[in-house]
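A.B. asks: sequence and computational prediction follow.
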Amino acid sequence: MEYGYASRFFEKTDKDTSVYFRDKKIWGCGKDYRKHQGKYPVIFLTFKDVKYDTWELALNSIAQLLRNEYLRHLEILDGSAINKYEKQDFEKIASGSPNEVDLAFSLGKLSQMLDSYYGIAPVIIIDEYDTPIQNGFMKGYYNQIVSFMCNLFSGAYKDNRHLSYGFLTGILRVAKEGIFSGLNNLSVDSVLDVRYSRYFGFTQDEVSVMLQYYGVEMKLSEVCEWYDGYLFGETEIFNPWSVINYINEHCSPQAFWQSTGNNSIIGEIIKGATSEIQENLQLLMQGKTISTYVDIAVIYPEIKRNPYTIYSFLLMAGYLKIVDRQALHDGNNICTIAIPNKEIFYVYEKEILSCLADSISPSTAIAIQQAIIMQDVPNLQKHLQDFLRQTISIYDASSESF
């Protein structure tokens, strides 16, 4: 989520921004929605690019994001709405010279200053909040990033009377680390929930309308094969990023998502897979289903402590889909899961080959890839039998897979 419609809808500016929404469906939802348009100061951050090898670099990147957001609100330095000490705090973040403690309190302080200046508490929107957490887990600074995020989010959301509304998006709830401890009014909607399920991507009706608009409605079956398959709550959902890129690339199907996501966690899972997980991954790559317990509050360290939590993670991250589920009394579910579509199939294939990069020659890697694409099972088994014995069993990409 770049700074766009969600933020622009709420943000109070000198311009009449309602022009961006008067022809959109939200405008027709009634005055209860329209009354919020352009009424609030907005704090917006996306952590999607905070992917660094060290904690120091990650913290510097976060500091730059916060600095940019402070600079976007320079107007609050005018006049006497905030006192000289608050201005000093503002200038410390904006100058790029804060310490870790200053950064941890920065969202809470900015919301207070915006409230004082505008006379109305801001909306705080944070996108992909757990990208730095996943990267910290992969690169060895997990504890530092979790501790920092706990303080940052507490200042922004916990007992903050200078907050009108708060929104966060991410893969995992990260509930067990205590990042959101004390936020007893926090409402969480995951891939299993129904309430907002149709808004997490494109529905089939929306994709059909889009294809008709561009005169390529005959491509619906191909779009379904490549980018459909996700089930949010009770709603079948297409990957919106991939559908848009598919149309932009003249309806040439490609694995667009693999270039935008951090798929290295799949490689880590493959490297540490037990024999049972290897067998299950083989079944999934054959287009079959498996049944597993899904914990919606799974956290990254549990992937190593309990390898069977990988299915919960892969489901929440979009690498698996729910075919069927049975609710349990603890709030979790027993789910029948599968690989969603061809696009995600090729993400798995790429990561598997990446895991084998040190063991096989480029020519062999190309031969394996061609065998998977052409569904040449005998040739695939011939190339893989020596190399995959010590890593993971691979995959009869049968013609019935998708």
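C.D. replies: Sure thing, it's come through.

A.B. asks: show me which residues of stretch 152-161 are buried.
C.D. replies: Under the neighbour-count criterion of 16 or more other C-beta atoms under 10 Å, stretch 152-161 has 152-158, 160 buried. From N, CA and C alone the C-beta is placed, and that goes for glycine too.

A.B. asks: lowest-confidence one in those residues?
C.D. replies: Lowest pLDDT within the buried residues of stretch 152-161 is found at residue 158 (83).

A.B. asks: show the backbone phi and psi for it.
C.D. replies: Dihedral pair for residue 158: phi -90, psi 120, per degrees, to the nearest 10.

A.B. asks: just to revisit the earlier point, from the buried residues of stretch 152-161, which single one is nearest residue 253?
C.D. replies: Comparing these against residue 253 with C-beta to C-beta places residue 153 closest, at 38.9 Å.

A.B. asks: could you say which helix or strand holds that closest one?
C.D. replies: helix 142-157 (DSSP states H and E).

A.B. asks: can I get that helix in CSV, CA atoms only?
C.D. replies: Extracted as CSV, the C-alpha positions of helix 142-157 are listed here (Å, rounded to 0.1, in the frame of the first residue of the first chain):
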residue,chain,number,x,y,z
TYR,A,142,15.0,-10.5,15.6
ASN,A,143,15.0,-9.6,19.3
GLN,A,144,16.2,-6.0,18.6
ILE,A,145,13.5,-5.3,15.9
VAL,A,146,10.7,-6.9,18.0
SER,A,147,11.7,-4.8,21.0
PHE,A,148,11.8,-1.6,19.0
MET,A,149,8.5,-2.2,17.2
CYS,A,150,6.8,-2.9,20.6
ASN,A,151,7.8,0.5,21.8
LEU,A,152,7.0,2.3,18.5
PHE,A,153,3.5,0.8,18.2
SER,A,154,2.8,1.3,21.9
GLY,A,155,3.4,5.0,21.5
ALA,A,156,1.2,5.1,18.4
TYR,A,157,-1.7,2.9,19.5
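
A.B. asks: quick check: what element follows that helix along the chain?
C.D. replies: Per DSSP H and E, the helix or strand that comes after helix 142-157 is strand 165-168.

A.B. asks: show me what counts as buried in that next one.
C.D. replies: Buried residues in strand 165-168, counted by 16+ other C-beta under 10 Å: 166, 168.

A.B. asks: give the other helices and strands that it contacts.
C.D. replies: Counting contacts by 3 or more C-beta pairs under 8 Å, 6 or more residues apart in numbering; DSSP states H and E, strand 165-168 is packed against strand 123-127, helix 142-157.

A.B. asks: CA atoms of that strand as PDB?
C.D. replies: The C-alpha trace of strand 165-168 is given here as PDB (Å, rounded to 0.1, in the frame of the first residue of the first chain):
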ATOM      1  CA  TYR A 165      -8.300   5.700  14.000                       C
ATOM      2  CA  GLY A 166      -5.500   3.300  13.500                       C
ATOM      3  CA  PHE A 167      -4.900   0.700  10.700                       C
ATOM      4  CA  LEU A 168      -2.100  -1.800  10.300                       C
END
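
A.B. asks: all numbers from here: first residue = 4
C.D. replies: All right, first residue 4 from here; so that's strand 168-171.

A.B. asks: hmm, back to that, what's the closest of the buried residues of stretch 155-164 to residue 64?
C.D. replies: Each of those was checked against residue 64 using C-beta to C-beta; the closest is residue 155, at 13.4 Å.

A.B. asks: what number of residues lie near residue 338?
C.D. replies: 25 (other C-beta atoms under 10 Å).

A.B. asks: ugh, wrong one, residue 299
C.D. replies: Using other C-beta under 10 Å, residue 299 is surrounded by 18 other residues.

A.B. asks: which residues touch it?
C.D. replies: 176, 193, 195, 315, 319, 334-335 (C-beta atoms under 8 Å, 6 or more residues apart in numbering).

A.B. asks: okay, now the unreliable bits of this structure?
C.D. replies: Applying pLDDT under 70 to the chain flags residues 4-7, 176-188, 261-276, 307, 310, 354-405.

A.B. asks: how is it partitioned into domains?
C.D. replies: Residue ranges for the domains of the chain, per automatic domain parsing: 43-180, 200-257, 267-387.

A.B. asks: how about TSV for the ones you listed, with distance to residue 23 added?
C.D. replies: Below are the domains of the chain laid out as TSV (distance: least, C-beta to C-beta, whole Å):
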stretch	distance to residue 23
domain 43-180	14
domain 200-257	18
domain 267-387	29
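
A.B. asks: indicate which one of the ones you listed is closest to residue 21.
C.D. replies: Smallest distance to residue 21 across the domains of the chain (C-beta to C-beta): 14.1 Å, for domain 43-180.

A.B. asks: can you give me the strands in the stretch 104-253 of the chain?
C.D. replies: 126-130, 168-171, 233-235, 238-240 (DSSP state E, counting those that start in this stretch).

A.B. asks: export those strands to CSV and tack on distance to residue 98?
C.D. replies: Formatted as CSV, the strands of the stretch 104-253 of the chain follow (distance: least, C-beta to C-beta, whole Å):
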stretch, distance to residue 98
strand 126-130, 22
strand 168-171, 27
strand 233-235, 43
strand 238-240, 44
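
A.B. asks: those: which one's closest to residue 302?
C.D. replies: strand 168-171 (15.9 Å).

A.B. asks: skipping adjacent residues, who's closest to residue 236 in space?
C.D. replies: Once flanking residues are discounted, residue 236 sits nearest to residue 200: 3.1 Å by C-beta to C-beta, 6 or more residues apart in numbering.

A.B. asks: what's the burial count for residue 57?
C.D. replies: 13.

A.B. asks: surely it touches residue 142?
C.D. replies: Yes: assessed by C-beta atoms under 8 Å, residue 57 is found in contact with residue 142 at 7.1 Å.

A.B. asks: count of neighbours near the residue nearest to residue 236?
C.D. replies: Neighbour number of residue 200 under other C-beta under 10 Å is 21.
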